[in-house]
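Asks: Pasting a predicted model and its sequence here:
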Amino acid sequence: MKTKIFRDLYSKYLKRLFLLTIFILALFVLCSHCWPFLLSPFCIYLIIFFLVVMAATHAIVLQADAERLSYVSEEGADAETQRKAIMDTEKKFIRRYLIATTIKLMLFLVLLVAYAFTNRDDILRFGLNFIVLYLIYSIFEVLILKKPLLK
């Protein structure tokens, strides 16, 4: 049951993530024709990097989220035992979310530092492109994670 929920949630997430990335790539093409001075030459690689990192880290989070969403209380268990089991699944979700976020932030930091050392003349445009993409993908991730909780 848990793996089916994971597969369903992850396939929906990947479809939405690809749609968002296609939209961002369309904006990239538009900006490259209208305002090329705003884009770093490595912006396309940055978009692909965000796509891969978001897909990988979201898989880590969804494993715990699938367990949380598939939780069924045991029959005959007292209220305290059920509450403890629910809290354990919530703690596991929070732990995985924080681990995935930490991994993601470390990867982003390594990318920014490496780029700053190799291409000092383009770091401002690259940094601005990075911030815009980070905000877009982060808002997207929060909205996706929040959606199952509302159901």
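Replies: Alright, I've got the coordinates.

Asks: Longest helix of this protein, counting residues only.
Replies: Assignment by DSSP state H gives helix 79-118 as the longest helix of the chain.

Asks: Show me what that helix is packed against.
Replies: Applying 3 or more CB pairs under 8 Å, 6 or more residues apart in numbering; DSSP states H and E, we find helix 79-118 packed against helix 43-69, helix 123-150. Quick note: C-beta positions are derived from backbone N, CA and C, even for glycine.

Asks: what about the shortest one, average pLDDT?
Replies: Mean pLDDT, computed over helix 43-69, is 87.

Asks: Ile144: neighbour count?
Replies: Using other CB atoms under 10 Å, Ile144 has 19 other residues around it.

Asks: cool, Cys31 as well?
Replies: Neighbours of Cys31 (other CB under 10 Å): 15.

Asks: so which of the helices and strands packed on helix 79-118 comes closest to Leu112?
Replies: helix 123-150 (6.5 Å; CB to CB).

Asks: low-scoring stretches of this protein, by residue?
Replies: Along the chain, the model assigns pLDDT under 70 to residues 1-2, 69-74, 76, 147-151.

Asks: Nearest to the spatial middle of it, which residue is it?
Replies: What sits nearest the mean C-alpha location of the chain, by CA atoms, centre = their mean, is Met54, with 3.7 Å.

Asks: which residues does it contact?
Replies: Met54 sits next to Leu17, Lys104, Tyr137, Phe140, Glu141 when contact means CB atoms under 8 Å, 6 or more residues apart in numbering.

Asks: now it: how far from Ala100?
Replies: For Met54, the distance to Ala100 (CB to CB, to the nearest Å) stands at 10 Å.

Asks: now swap in Ala77 and tell me
Replies: For Ala77 relative to Ala100 (CB to CB), the value is 30 Å.

Asks: and if you look at Arg68?
Replies: Relative to Ala100, Arg68 is positioned 14 Å away (CB to CB).

Asks: One more: Gly127?
Replies: Separation of Gly127 from Ala100 (CB to CB): 23 Å.

Asks: of those two, who's got more company?
Replies: Ala100 (22 against 14).

Asks: separation between that one and Phe6?
Replies: For Ala100, the distance to Phe6 (CB to CB) stands at 14 Å.

Asks: number of nearby residues for the closest residue to His58 other than its chain neighbours?
Replies: Spatial nearest neighbour of His58, chain neighbours left out: Tyr13 (5.8 Å); criterion: CB to CB, 6 or more residues apart in numbering. Neighbour count of Tyr13, defined by other CB under 10 Å: 21.
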